[in-house]
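Trainee: sequence-free structure coming up:
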């Protein structure tokens, strides 16, 4: 551990300086030698570090979202080139480059915290050993060794011997009870954070190995923290518990305000937006307008939850616009102006007798019972010009012969065919 600590010695002095500055502030309120002054100094150090890491956290969220979206394509590449690992890796890197996704971005906040974590661990270990470090001189060292958090010294560990704990002015029972409670809280907060991510902020329509991996990490990480926690000083447990609680709250905010498309959190978020639109008649807030704007821009590529939201707006007589606002639909505008929108009328149901008559005589009119040919003939008769002069006999004979020629029959009786020609 000394070798690892020496690698991060360049940041030990800045970390110790920040702790001392916060200790001056809280020491004036609670006393220089109290656990509240030193404990709150460590908590404030965590808050300061996490505020500086917010840009990396945003980048982590974007990278995680992109990885979730790319899971189907990644799975297709793995199945297509399952026998060619080199080509599979090349296609994966090509996919990452085209989409601008970095798989390591999800680990950036943890990697960025590591130097501060090890520097704090080195500072507290030096305090436990009675050595000055960084800007912590002998008076500050004596004050830190006297500080107790709920009866446990700041530099005590769960695995410390009774003699070492008594040298810090505490009992072994108090140290182990306090450290055990803090380890359980630290592991529980880590588990709840990961579980919240898996149950609420994951697209449930996509089943990929990535989801199984995240589900395994949900159980593995708390166990790792529990095993490592027994070797952490109380001050480091305060640091890690604070950063876990910060991560949990930060993630809850992101899930509520910017959920993953297709997730349970998105369904809850759009339901809240729909209730707000119902109450106020408009989309309130820039974040919500941007969400509606993205949904409109998707067009036919919307998921089921987003289609449900658009349908809900339609039931309210509203239509989502390209700028993220809502406006009254055409049907609602016509109804407001007094001209109701034309409604489709269903045909009247016929009786069984009428349906049977229509099936037997397809040309029969439903109302009068007259056939279509009769009505057509009557119309032709009415439209034809009436000529009072009778037609000449030659014309009648020609028309008669033409009709016979068309029918293909000879005039007069026909002789039967000879039996041999049958």
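Mentor: Here it is on my side, so go on. Keep in mind that what you see is a predicted model, and the values were worked out from it rather than measured.
Trainee: buried residues in stretch 175-194?
Mentor: Residues 175-176, 178-179, 182-183, 185-187, 189-194 are the ones in stretch 175-194 that count as buried (16 or more other C-beta atoms under 10 Å). Where you see a C-beta, it was placed from the backbone N, CA and C, and this is true even at glycine.
Trainee: Among these, which one sits closest to residue 240?
Mentor: Of all those, residue 240 sits closest to residue 186, with 5.5 Å by C-beta to C-beta.
Trainee: name the element that closest one belongs to?
Mentor: helix 172-200 (DSSP states H and E).
Trainee: Who are the packing partners of that helix?
Mentor: Counting contacts by 3 or more C-beta pairs under 8 Å, 6 or more residues apart in numbering; DSSP states H and E, helix 172-200 packs against strand 152-153, helix 162-167, helix 209-229, helix 234-257, helix 264-280.
Trainee: Give me the angle between that helix and helix 234-257.
Mentor: Orientation of helix 172-200 against helix 234-257 (axes from the mean of the first three to the mean of the last three C-alpha atoms, to 10 degrees) gives an angle of 20 degrees.
Trainee: Spatially central residue in the protein, please.
Mentor: The residue lying closest to the centre of the chain (C-alpha atoms, centre = their mean) is residue 260, at 1.9 Å.
Trainee: Can I take it that that one is in a helix?
Mentor: No - counting by DSSP: H, G, I helix; E, B strand; the rest coil, residue 260 is not found in a helix; it is coil.
Trainee: Find the nearest non-adjacent residue to residue 178, please.
Mentor: Spatial nearest neighbour of residue 178, chain neighbours left out: residue 152 (3.9 Å); criterion: C-beta to C-beta, 6 or more residues apart in numbering.
Trainee: show me the contacts for that neighbour.
Mentor: Counting by C-beta atoms under 8 Å, 6 or more residues apart in numbering, residue 152 touches 170, 174, 175, 178, 179, 234.
Trainee: go again using 6 Å as the cut-off
Mentor: By C-beta atoms under 6 Å, 6 or more residues apart in numbering, the contact set of residue 152 is 174, 175, 178, 234.
Trainee: what's the pLDDT at it?
Mentor: With respect to pLDDT, residue 152 scores 90.
Trainee: any residues touching stretch 223-238, and which ones?
Mentor: Residues contacting stretch 223-238 (C-beta under 6 Å, 6+ apart): 39, 42, 121, 124, 149, 152, 154-159, 182-183, 186-187, 190.
Trainee: Give me the residue ranges of the protein where confidence is low.
Mentor: Low-confidence segments of the chain (pLDDT under 70): 1-9, 65, 68-69, 71, 103-108, 203-214, 330-349, 352, 358-422.
Trainee: Show me the strands in it, by range?
Mentor: Using DSSP state E, the strands of the chain run over 148-149, 152-153, 318-320, 326-328.
Trainee: Which of those strands sits closest to residue 74?
Mentor: It's strand 318-320; of these, that one is closest to residue 74 (C-beta to C-beta) at 32.0 Å.
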